[in-house]
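>>> Need a 3D model of the following:
(chains A and B)
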Amino acid sequence: MTIQHTVKIAFFVLLSPVIAFAAIPKWKVQIEKSSLTFTATQNNAPITGNFKTFDSDIAFDPKHLDQSKVKITVPLSSLSADYSDLVDTLKNTQWFDVKQFPNATFQSTKFTHDKDKQYTVKGNLTIRDKTVPVSLTFNLTEFTDTSAIVEGETTVARLNFGIGQGEWSKTNDIKDDVVVKFRVVASVIK
Amino acid sequence: MTGFKNTENHFGLIAIFIHWFMVLLLVGLLALGLYMNSLPIGLRKLQLYGLHKEFGMLALMVGGLRFLWRITSVLPRLPEHMPNWEKLAARSTHWAFYGFILVMPVSGWLITSAAGIPAAFFNLFVVPNLITANKELIPTFVFIHKWVGYAFIGAICMHSAAALKHHYIDKDNVLRGMLP
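Numbers count the residues shown, from 1 in each chain, chains lettered A, B, ... in the order given. You can find the predicted model right below:
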C-alpha cells in the first residue's frame, strides 16, 4: 500500500461524517403556504385558532430517518382567532401566559415510517414551563428532491401543560383534549 | 273544556301552551342576555353564553312551529268594544313578535358564526355556522341583536300592559282567552 493510497483512504474516512451529514437535506418552510391550527371543545362545540408563524430547523430525508431532525419554535404572540376576546384570553396568564413563556417548541427524538406516505415522529413538546413527550403522525403528501408538503395532526391534553389555570382547569366546559393540525410546505435549502 | 284547537272565542290548548312556554323561554333569554353580557370574561360567562345559544335555537324552532300553527288556525276574535286602532295595534304587535322571534335568534346565530364560536344544541349536534367566520361583521350583528332585543323588551311590556288593561280596566275576556 503506497503512502499516497493511505492518505487517500484517510481523507475519505475523515470526511465521511461530513458527507453523510450533507446527505440529509435541510428544509425551509414557506410560512405563507403553511398552517398550524388548534381546535378545542367549548360547550361541546368546536372552537379553532391558529398560529400565524413559526420558526423551523428541519433536516429530513425519508431514506435516512435515523438522521432526520426537526425543531419547531412557535412564537405564541402569533396566536390568532376570529374573536378578539378569545385571543386576549388565551394570551393571558391563565392560558399561554405569552409574556412569561413567549415560545412553544417541538424537538423531535425519533422518526418512524408507518406505511406508504405515513410517518410518525416522536418528540418533546414544550409549552409554558412543561415539557411532555408527544407523538405526531403525518403524511408526506408531496415529496421531491426540492419540495415537500407535510400534513398531520396530534391530540394534546392542555392540562398537561397547565394551559387553563384556576377555574379554567375544569374540563366540563372546555375539554382537556385539543387537536393540533399542521400543514407544512417546505423547499430544500441549497 | 278547552280543546287543542283554537275557536272563534278562545285559544286552544296548543296555542296556550306554546304562548306560556315562550313567555318563560323568551323572558329568560332576554334576562340572561342582559346579565351574561355584563359579566367579566370567565368560566361562568362562557357557560351562560353556551346556554343562551342553545335556548335561543330552541326559541327559533318553537317559534317556527307557532308560526305554522298561527297561519293554519282560526284566530279568536278581538272584543267588539275595541276601537279599530286598538285592534290594529294588538294584531301588529302579535305579528311583530313573530319578527322578533325570527330576527333575535338569527342575528345571535350570525354573531356566533362570525366569531367562530358555534354552539352545540343540547349536546345533540353542533349548530352549523350560517356564514364563515368574519370578525369585521361581528359589530354589525351585535348591533342588530342588541337593539332589536331592546325593541322586543318594549313590545313585551306593551303586550303585557294591554293584557292587564283588558282584564282589570275593560274587564273583558281577552286575558282569559289565553288561559286553559
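
>>> pLDDT value on the residue in chain A that chain B sits nearest to, please?
Going by Cβ to the nearest Cβ, chain B is nearest to A:Asn43 of chain A, at 3.2 Å. (Each C-beta comes from the backbone N, C-alpha and C, glycine too.) A:Asn43 carries a pLDDT score of 95 in this model.

>>> Just confirm it contacts B:Ala120, I think it does.
Yes. Using Cβ atoms under 8 Å, A:Asn43 is in contact with B:Ala120, at 6.0 Å.

>>> Common neighbours of these two, please.
B:Gly50 (Cβ atoms under 8 Å, 6 or more residues apart in numbering or on different chains).

>>> who's more crowded, these two?
Neighbour count, other Cβ atoms under 10 Å in any protein chain shown: between A:Asn43 and B:Ala120, A:Asn43 has more, with 23 against 19.

>>> neighbours around the spatially closest residue to the more buried one that is not a sequence neighbour, how many?
Spatial nearest neighbour of A:Asn43, chain neighbours left out: B:Gly50 (3.2 Å); criterion: Cβ to Cβ, 6 or more residues apart in numbering or on different chains. Other residues lying near B:Gly50 total 19 when counted by other Cβ under 10 Å.

>>> quick one: average confidence on the helix or strand containing B:Gly50?
Counting by DSSP states H and E, the element that carries B:Gly50 is helix B:43-72. What helix B:43-72 shows for mean pLDDT is 96.

>>> by contact count, what packs against that helix?
With contacts taken as 3 or more Cβ pairs under 8 Å, 6 or more residues apart in numbering or on different chains; DSSP states H and E, helix B:43-72 sits against helix B:13-38, helix B:84-115, strand B:120-121.

>>> rerun at 10 Å
The contact analysis (3 or more Cβ pairs under 10 Å, 6 or more residues apart in numbering or on different chains; DSSP states H and E) places helix B:43-72 against strand A:35-42, strand A:45-51, helix B:13-38, helix B:84-115, strand B:120-121.

>>> May I see the buried residues of the third one?
Across helix B:13-38, burial judged by 16 or more other Cβ atoms under 10 Å in any protein chain shown covers B:14-16, B:18, B:22, B:25-26, B:29-30, B:32-33, B:36.

>>> Could you save the helices and strands packed on helix B:43-72 as TSV and add columns showing distance to B:Asn134?
Compiled in TSV, the helices and strands packed on helix B:43-72 are given as follows (distance: least, Cβ to Cβ, whole Å):
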stretch	distance to B:Asn134
strand A:35-42	17
strand A:45-51	14
helix B:13-38	21
helix B:84-115	5
strand B:120-121	21
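
>>> Ok, which of those comes nearest B:Asn129?
helix B:84-115 (3.9 Å; Cβ to Cβ).

>>> separation between the residue nearest to B:Arg70 when sequence neighbours are not counted and chain A?
Excluding its sequence neighbours, the residue lying closest to B:Arg70 (Cβ to Cβ, 6+ apart) is B:Tyr98, at 7.4 Å. The gap separating B:Tyr98 from chain A is 28 Å, by Cβ to the nearest Cβ, to the nearest Å.

>>> Around B:Tyr98, count how many other residues there are.
15.

>>> and if you look at B:Phe152?
Neighbours of B:Phe152 using other Cβ under 10 Å come to 20.

>>> so where do the strands sit in chain A?
A:26-29, A:35-42, A:45-51, A:55-59, A:69-75, A:79-80, A:103-115, A:118-127, A:130-143, A:147-157, A:177-188 (DSSP state E).

>>> farthest pair in the buried residues of helix B:13-38?
Greatest spatial distance in the buried residues of helix B:13-38: B:Ile14 and B:Met36, 31.6 Å, computed using Cβ to Cβ.

>>> What parts of chain B come near chain A?
B:41-51, B:53-54, B:111-127, B:132-138 (Cβ under 10 Å from any Cβ of the partner chain).

>>> Enumerate the residues of chain A near chain B.
Selection of chain A residues close to chain B by Cβ under 10 Å from any Cβ yields A:41-49, A:81-89, A:92, A:94, A:164, A:166-170, A:172-174.

>>> Pull out the buried residues from these.
By 16+ other Cβ under 10 Å, these give A:41-45, A:47-49, A:81-83, A:86, A:89, A:94, A:164, A:168, A:173-174 as buried.

>>> And the residue of chain B that's closest to chain A?
Nearest to chain A, among the residues of chain B, is B:Gly50, at 3.2 Å (Cβ to the nearest Cβ).

>>> Tell me, please, the helix or strand in chain A that averages the lowest pLDDT.
The helix or strand of chain A with the poorest confidence is helix A:3-22; it has a mean of 61 (mean pLDDT, DSSP states H and E).

>>> For chain A, give me the ranges with low pLDDT.
By pLDDT under 70, the low-scoring segments of chain A are A:1-3, A:7-22.

>>> Excluding covalently adjacent residues, which one is nearest to the residue nearest the centre of chain B?
By Cα atoms, centre = their mean, chain B has its centre lying nearest to B:Ile101, at 4.2 Å. Spatial nearest neighbour of B:Ile101, excluding adjacent residues (Cβ to Cβ, 6+ apart): B:Gly63 at 3.5 Å.
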